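J.: just coords:
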DNA sequence: TTTCAAAGTGTATTTTTTACACTAAGTTTG
DNA sequence: CAAACTTAGTGTAAAAAATACACTTTGAAA
């Protein structure tokens, strides 16, 4: 009964004529996207989190961290929605996002904190929302993040220290890390987390960190070089308090040529 | 403008009080699921397709084939929705369905044929619908399929002869087959397509068919047996016009014990 | 000049993957 | 009832890949 009322009667009508409503009309009340953006600082795997705040500057006490995400617009593709929302909240653009999956537990929005926030922000706070998870890998240094929209504050959080997030975002994050491990095992994507020129040690550290394993250093180096996807440059590390390592780059072209079917990356 | 009208005004209200409306009220207009059910007849990989017909027996000329799917109900989990819808349309129940991903192109419902059908069947035919794809493997012989709901007719179609389906269902099917290949490579799931007792030749044929490859027969046999997941029985094929093959069974228990991480199944 | 920290390098062993061809057993056909 | 047909069933050798493992080098900092 309550749900019907919200669809049909006064409340909706008023909303749809208000300024908020004007925004919300184009917005699909039932579908959102959430983005898991991974970064790497040389030692730790990081995730980009948002401290949410209300639109219109109404200020509720709420320091809950969430993944950057929002409702989709009715005529935009899911992938576009993910890009748009990430750009709006964090300023990150032109980034490759890949779908992780759909998350649609009926009680995924039912924590009290989350409900308060929805009540304050959404035109139809009670609506069933399923969300599509996306994930991306970026080189932290290449992107300047700046909070916007309802993102009060942005934070690169160590993956291992992430605590309880809003909504079902821990679950989404968890699926994303599994996907990341899976892809890292099979495709040369570790590079995306590193500067264009990187040392093999950086790459090695990254693999160890993400795979949560201790790979043999010499074998790792051999295998990586054997793939042919990374080429040495003439440059070396500078300003390090030890023997400077040679820097390498990833050669996309080589990878394109390989049959991607049974390819194992390490 | 048109969209707002559909949300707010008379049409919706009338609908919500009609019998159709009563069903639709609980239904979420923006989210559906579609199921790719694979079977195997001993030679060919099959997909279960539905020839759609209107609810309420209004009969529009439409022989378009689609995947079994429908809108979700507002308070049910996505997985439950997939089970329910598959059961309602085909009678198949207690089946393991796994998510393939979300499909949300804004024009995924825009073919003319599809629009006609939506207009006739849906309360909000113009609504943006994103769909969540699921896939499942079953042993054809174990399930009696019977059309119900808007399924006028059900059909086990050879995977290779599938032509243009309604909506974006070719795309969903395509993602599902990729997922199937990927899983078949890594997990012992081929058994699900076979009777409880099967010959190694049946399994071999299945792998060849799905992987679209020619695997070495002897090596295949050796590797399968080495996994320890399949155990020989005392039974043999009967009524075959050649030397009868020994039958084997899949032993789930053995698989549970193995670290599933880097496991390669063949 | 010594110490520290990471860079860089090769080999032997084991394991896994691949390629490959004949005999066995039951059914059907002439 | 013998021959032909069809699939079942079996082993080995060679190649490739994965693993385990320890010392020297280089530059900066103390």
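T.: In hand now; what should we look at? Keep in mind the model is a prediction, meaning the values are calculated, not measured.
J.: residue A:89 belongs to a strand?
T.: No - checked against DSSP: H, G, I helix; E, B strand; the rest coil, residue A:89 lies outside a strand; its state is helix.
J.: ok, it - contacts?
T.: Neighbouring residues of residue A:89 by Cβ atoms under 8 Å, 6 or more residues apart in numbering or on different chains: A:50, A:68, A:70, A:147-151, A:154. From N, CA and C alone the C-beta is placed, and that goes for glycine too.
J.: wait, which of those is closest to DNA strand C?
T.: Taking Cβ to the nearest atom of the strand as the measure, DNA strand C sits nearest to residue A:154 out of the contacts of residue A:89, at 29.3 Å.
J.: just the buried residues of the helix or strand where the closest one lies, please?
T.: Residue A:154 belongs to strand A:151-158 when elements are defined using DSSP states H and E. By neighbour count with 16 or more other Cβ atoms under 10 Å in any protein chain shown, strand A:151-158 contains the buried residues A:151, A:154, A:156-157.
J.: and which of the contacts of residue A:89 is nearest DNA strand D?
T.: Closest approach between the contacts of residue A:89 and DNA strand D, by Cβ to the nearest atom of the strand: residue A:154, at 32.3 Å.
J.: separation between the closest one and residue A:176?
T.: 18 Å (Cβ to Cβ, to the nearest Å).
J.: how far away is the residue of the stretch 51-200 of chain A found nearest DNA strand D from residue A:220?
T.: The stretch 51-200 of chain A approaches DNA strand D most closely through residue A:185 (11.0 Å), counting by Cβ to the nearest atom of the strand. According to Cβ to Cβ, residue A:185 stands 13 Å off from residue A:220.
J.: is residue A:83 in a helix, a strand, or coil?
T.: Classified using three-state DSSP, residue A:83 is helix.
J.: tell me the contacts of the nearest residue to residue A:53 once chain neighbours are set aside?
T.: Using Cβ to Cβ, 6 or more residues apart in numbering or on different chains and skipping residues adjacent in sequence, the residue nearest residue A:53 is residue A:152, 3.5 Å away. By Cβ under 8 Å, 6+ apart, the contact list for residue A:152 reads A:50-53.
J.: residue A:175: which element?
T.: Going by DSSP H and E, residue A:175 is in helix A:169-186.
J.: what does the helix or strand just after that helix rub up against?
T.: With elements assigned by DSSP H and E, the helix or strand that comes after helix A:169-186 is strand A:198-199. Strand A:198-199 is contacted from outside by A:191, A:237, A:245-249, using Cβ under 8 Å, 6+ apart.
J.: roughly how far does residue A:110 sit from residue B:216?
T.: 54 Å.
J.: before we move on, the earlier item: mind listing which of the contacts of strand A:198-199 are in helices?
T.: Using DSSP state H, no member of these falls in helices.
J.: check the residues you listed one by one and keep those near DNA strand D.
T.: When contact is defined as Cβ under 7 Å from any atom of the strand, those do not meet DNA strand D at all.
J.: got a PyMOL select line for the buried ones in the residues you listed?
T.: Buried members of these, defined by 16+ other Cβ under 10 Å, are picked up in PyMOL with:
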select buried, chain A and resi 191+237+247+248+249
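J.: let's have the contacts of strand A:198-199 in TSV, adding distance to residue A:212 and pLDDT.
T.: Shown next, in TSV, are the contacts of strand A:198-199 (distance: Cβ to Cβ, whole Å; pLDDT from 0 to 100):
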residue	distance to residue A:212	pLDDT
A:191	20	92
A:237	26	94
A:245	24	96
A:246	27	97
A:247	26	97
A:248	24	97
A:249	27	95
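J.: what's the mean pLDDT across the helix or strand containing residue A:71?
T.: Secondary structure from DSSP H and E places residue A:71 in strand A:69-73. When pLDDT is averaged along strand A:69-73, the result is 97.
J.: please identify the buried residues of it?
T.: A:69-73.
J.: residue A:86 should be in a strand, yeah?
T.: No - assigned with three-state DSSP, residue A:86 falls outside any strand and is helix.
J.: count of neighbours near it?
T.: Counted with other Cβ atoms under 10 Å in any protein chain shown, the neighbours of residue A:86 add up to 26.
J.: how close does it get to DNA strand C?
T.: To DNA strand C, residue A:86 is 33 Å away according to Cβ to the nearest atom of the strand, to the nearest Å.
J.: ok, residue A:193 next?
T.: From residue A:193 to DNA strand C the distance is 17 Å (Cβ to the nearest atom of the strand).
J.: what's the answer for residue A:251, then?
T.: Using Cβ to the nearest atom of the strand, residue A:251 is found at 18 Å from DNA strand C.
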